[in-house]
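1. Quick one: sequence plus predicted model below, questions after.
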Amino acid sequence: MLKIILPTMMLMPLTWASKPNMIWINTTAYSLLISLISLTYLNQLSDNSQNFSMLFFTDSLSAPLLALTTWLLPLMLMASQFHLSKETLARKKLYITMLILLQLFLIMAFSAMELILFYILFEATLMPTLVIITRWGNQTERLNAGLYFLFYTLVGSLPLLIALLHTQNNLGSLNFLMMQYWTQPLPNSWSSAFLWLACMMAFMVKMPLYGLHLWLPKAHVEAPIAGSMVLAAVLLKLGGYGMMRITTLLGPLTSFMAYPFMMLSLWGMIMTSSICLRQTDLKSLIAYSSVSHMALVIVAVLIQTPWSYMGATALMVAHGLTSSMLFCLANSNYERIHSRTMILARGLQTLLPLMAAWWLLASLTNLALPPTINLIGELFVVVATFSWSNITIALMGTNIIITALYSLYMLITTQRGKYTDHVKSIKPSFTRENALMALHLLPLLLLSLNPKMILGPIY
Amino acid sequence: MKPPILIIVTSTIVLGTMIVLFSSHWLMIWIGFEMNMLAIIPILMKKFNPRAMEASTKYFLTQATASMLLMLGIIINLLYSGHWTISMIPNPVASTVITIALAMKLGLSPFHFWVPEVTQGVSLSSGMILLTWQKIAPLSVLYQISPSINPNLLVTMAATSVLVGGWGGLNQTQLRKILAYSSIAHMGWMAAIMVYNPTLMILNLAIYIMMTLGTFMLFMYNLSTTTLSLSHTWNKSPLIASLILALMLSLGGLPPLSGFIPKWMIIQELTKNDMIVMPTFMAITALLNLYFYMRLMYATALTMFPSANNMKMKWQFESTKKMILLPPLIVASTMLLPLTPMLSIMD
């Protein structure tokens, strides 16, 4: 594991010591190399884990998420080049340092072997994200967004700390390898109900669950592009990953404690998709679509069947790449017209046809077109939920329809039709932007050829 | 203040605390407290304005009352146990009186009312000594008598201190008052763990002293005493602005900074002793503290102008304040978390 952690740490001195015209090239190139190392971890047996040390390990659940995280850093750096070009050199380096620090904490969090180490790194990711959102966001609302983001997550996760310490006293150790053999079924009492709540609320807030999702539209919309990318692609998945890990401790309670959260997720899925149909703000649309997809993951993790876990893992990786790509596309619009309103930049297919191709593919993957891994994820979750309760097929089906509706709405509004008169003078697409979209899309399409890599430990 | 006088006064303060730390006779401890209190009054009155006079008078009155209460407790203890040695205090009245006296000296709620006003009235460097050095002596006495303190009293004081420290600081813009309320809240955390594991109280004190010293020194660099003047720091010294960001996050107890170590250890110790509601309550109220630290961070480091200072020559001179050991303090206040397993040496 050190072969990923140490180079990521050393990316920081690399930024500060590079010549001014080489900072982007150096960091992007080396972070791409580091991501190639992490891809080697994808080759593992599904029921065993690769243990590197007492502190770090990877198994087939964390390896795809690790690969997603490391793959995303060069993409974030490529996406940030434009809006940072006017800043002073020290602030550019500071921004890149924040991204690298966040990456470091995320890598360690996904490969942590012990739950308390995972908790510390889970919380540690809040700090660089807060600085990125609040310092480099573009509107005044970013201050409120940072506050909401930090306090929602902290109020959820402080009880988690107490629950983890309490469980460690009872079980002796919170090491993942040992936990699976030492857990005892939780007794059916009020205090274990509170323990269940304390453990799960942090991840529910992070995912986010429908009732606790207020921080997400604010944070995603106000963050700069790299912040939005990492928030949507990786930080939400941290919640899902944590939920999957901690449900091993929580015994038979989940079968009845999960009902309120299942209801909130199922209903919230439809609600947030419907809100997407009424959005004028492009980034806000993508943010609410993230809530909707993550609600599917919550449902999948809470019903705890083999198919649903496979679907959840696949959906997490697929959604990471898809929503990160959508944010990059939205950002390419924003950089040209300096507004997030969708209808201000219409008919872009006439002006930027290659970008329209990327928009089409991103929207198609967002609505879970076969044979992409988005479909595999959604399909597995829908089937598993149907077997849990037959009626949910109505809600899931409605969600799929509404997802298709708003994805196509987004596509048609921005790409098709007559262009608005004031966008005739926008700059053509940069090679950097096309490369960014291609690098997002290629893993997504290639994974549909061999999806067993991202189907998680139950495959 | 003339240097010889400053040397005499400072050495008396140090000597007073040392006498408290090294004595085993209750009378000597009381004498140490008195020396400490009398010698710090000139330090508090460094500036001759009515505000500083008022602050020193308030400090003197509360500390003198606390010393008298301490003497009362000592005499009651003498009456019931027959000796002057500091050790367990079997008599509950004596231990309650001594605990209350020391809580008054520390600024634990409900005896916290003097802390914001005194800290606000004095200069930044005097406030620094007030909030860091002056806590060592009372906490060391509490450490030594900790087995016999009434746990209910201590936990009540801790819970109210954390609440007062969190809520009181919310409406403040003056930095010294903010740090005073922060000190009340941290004292609450220290009092909470005193019953179960006094060693962690010392750990909390050590990390708190490092963080507060660092914070005060960073404020003294720009002579900033209000949030408004702190918001000008990005222009004069952007490095100080970033350091204030790191230190405020550490004071708030966010992982992965070292401010998280005492909170983590205290919560661990409390859950080991089957107290679940108390650490949950304390952790959630610590978020109130985090809110006003975040406000400071927003004003200082996170809302800057789009461009940096364009001038080649700064329009005022470099700061001539003595920053004693500031870099090691900053490092110790932010990066000590990986060393937490070393705490096992304290057993």
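-> Ah, there it is. Numbering: from 1, shown residues only, chains lettered A, B, ... in the order given.
2. Contacts for the helix or strand harbouring residue B:157 next, please.
-> Secondary structure from DSSP states H and E places residue B:157 in helix B:151-168. By C-beta atoms under 8 Å, 6 or more residues apart in numbering or on different chains, the list of residues contacting helix B:151-168 from outside reads B:96, B:99-100, B:103, B:108-110, B:112, B:116, B:181-192, B:194-195, B:278, B:281-282, B:285-289. Just so you know, the C-beta spots here come from the backbone N, C-alpha and C atoms, and that holds for glycine as well.
3. Please pick the buried ones from these.
-> Neighbour counting with 16 or more other C-beta atoms under 10 Å in any protein chain shown marks B:96, B:99-100, B:103, B:108-109, B:112, B:116, B:181-192, B:194-195, B:278, B:282, B:285-289 as buried within the contacts of helix B:151-168.
4. does any bit of stretch A:50-61 sit next to chain B?
-> No: Stretch A:50-61 is not in contact with chain B by C-beta under 8 Å from any C-beta of the partner chain; minimum separation 10.9 Å.
5. in that stretch, what's buried?
-> Judged by neighbour count using 16+ other C-beta under 10 Å, the buried positions of stretch A:50-61 are A:50, A:52, A:56, A:57, A:58, A:59, A:60, A:61.
6. from the residues you listed, which is closest to residue A:29?
-> residue A:58 (24.2 Å; C-beta to C-beta).
7. What strand or helix carries the closest one?
-> Going by DSSP H and E, residue A:58 is part of strand A:57-59.
8. Pull up the pairing partners for that strand, direction included.
-> The pairing partners recorded for strand A:57-59 under DSSP bridges are strand A:49-51 (antiparallel).
9. what pLDDT does the closest residue to residue A:441 other than its chain neighbours get?
-> Nearest non-adjacent residue to residue A:441, counting by C-beta to C-beta, 6 or more residues apart in numbering or on different chains: residue A:361, 5.7 Å away. On pLDDT, residue A:361 comes in at 95.
10. what does chain B have sitting close to chain A?
-> Counting by C-beta under 8 Å from any C-beta, chain B sits next to chain A at B:238, B:242, B:245, B:249, B:254-257, B:260, B:264, B:267-268, B:271-272, B:276, B:279-280, B:283-284, B:287, B:290-291, B:294, B:298, B:301-304, B:306-308, B:337.
11. try 7 Å
-> Residues of chain B lying close to chain A by C-beta under 7 Å from any C-beta of the partner chain are B:249, B:254-256, B:267-268, B:271-272, B:276, B:279-280, B:283-284, B:287, B:294, B:298, B:302, B:307-308.
12. Just the buried subset of these, please.
-> Using 16+ other C-beta under 10 Å, the buried members of the residues of chain B next to chain A are B:249, B:254-256, B:267-268, B:271, B:276, B:279-280, B:283, B:287, B:294, B:298, B:302.
13. Now, those that are in helices?
-> Cross-referencing those against helices under DSSP state H gives B:249, B:267, B:268, B:271, B:279, B:280, B:283, B:287, B:294.
14. for those residues, which one is nearest residue A:320?
-> Distances from residue A:320 to these, taken as C-beta to C-beta, are shortest for residue B:249 (27.4 Å).
15. Please verify my assumption that that closest one contacts residue B:257.
-> Yes: applying C-beta atoms under 7 Å, one finds residue B:249 in contact with residue B:257, separated by 5.7 Å.
16. re earlier: of the ones in helices among the buried ones among the residues of chain B next to chain A, which pair is most distant in space?
-> B:271 and B:294 (26.9 Å).
17. all helices in the stretch 151-300 of chain A, in order from the N-terminus.
-> A:176-182, A:190-206, A:215-222, A:225-230, A:236-246, A:254-257, A:259-277, A:282-303 (DSSP state H, counting those that start in this stretch).
18. Point out the most buried one among those.
-> helix A:225-230 (a mean of 29; mean count of other C-beta atoms under 10 Å in any protein chain shown).
19. for residue A:416, what are its contacts?
-> When contacts are counted by C-beta atoms under 7 Å, 6 or more residues apart in numbering or on different chains, residue A:416 is found next to A:347, A:349.
20. Now do it against residue B:29, distance only.
-> According to C-beta to C-beta, to the nearest Å, residue A:416 and residue B:29 sit 83 Å apart.
21. For residue B:290, give me its contacts.
-> Contact partners of residue B:290, counting by C-beta under 7 Å, 6+ apart, are residue B:252.
22. If I look at it, what pLDDT would I see?
-> pLDDT, residue B:290: 94.
23. give me the element it is part of.
-> For residue B:290, the host element (DSSP H and E) is helix B:277-297.
24. Residue of the stretch 1-150 of chain B nearest chain A, please.
-> Nearest residue of the stretch 1-150 of chain B to chain A: residue B:109, at 21.4 Å (C-beta to the nearest C-beta).
25. ugh, wrong one, the stretch 101-250 of chain B
-> Counting by C-beta to the nearest C-beta, the stretch 101-250 of chain B gets nearest chain A through residue B:249, at 6.1 Å.
26. where does that residue land on pLDDT?
-> Here the pLDDT value assigned to residue B:249 is 92.
27. What would the strand or helix carrying residue B:28 look like as PDB? C-alpha coordinates only.
-> Per DSSP H and E, residue B:28 falls inside helix B:26-44. Only the C-alpha atoms of helix B:26-44 are listed here, as PDB (Å, rounded to 0.1, in the frame of the first residue of the first chain):
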ATOM      1  CA  TRP B  26      -1.600  21.800  51.900                       C
ATOM      2  CA  LEU B  27      -0.300  25.100  53.400                       C
ATOM      3  CA  MET B  28       2.500  25.300  51.000                       C
ATOM      4  CA  ILE B  29       0.100  24.700  48.100                       C
ATOM      5  CA  TRP B  30      -2.000  27.500  49.300                       C
ATOM      6  CA  ILE B  31       1.000  29.800  49.600                       C
ATOM      7  CA  GLY B  32       2.000  28.900  46.100                       C
ATOM      8  CA  PHE B  33      -1.500  29.900  44.800                       C
ATOM      9  CA  GLU B  34      -1.300  33.200  46.600                       C
ATOM     10  CA  MET B  35       2.200  34.000  45.300                       C
ATOM     11  CA  ASN B  36       1.000  33.100  41.800                       C
ATOM     12  CA  MET B  37      -2.100  35.300  42.100                       C
ATOM     13  CA  LEU B  38      -0.300  38.300  43.500                       C
ATOM     14  CA  ALA B  39       2.500  38.200  41.000                       C
ATOM     15  CA  ILE B  40       0.300  37.900  38.000                       C
ATOM     16  CA  ILE B  41      -1.600  41.100  38.900                       C
ATOM     17  CA  PRO B  42       1.200  43.400  37.600                       C
ATOM     18  CA  ILE B  43       1.300  41.300  34.400                       C
ATOM     19  CA  LEU B  44      -2.400  41.800  33.900                       C
END
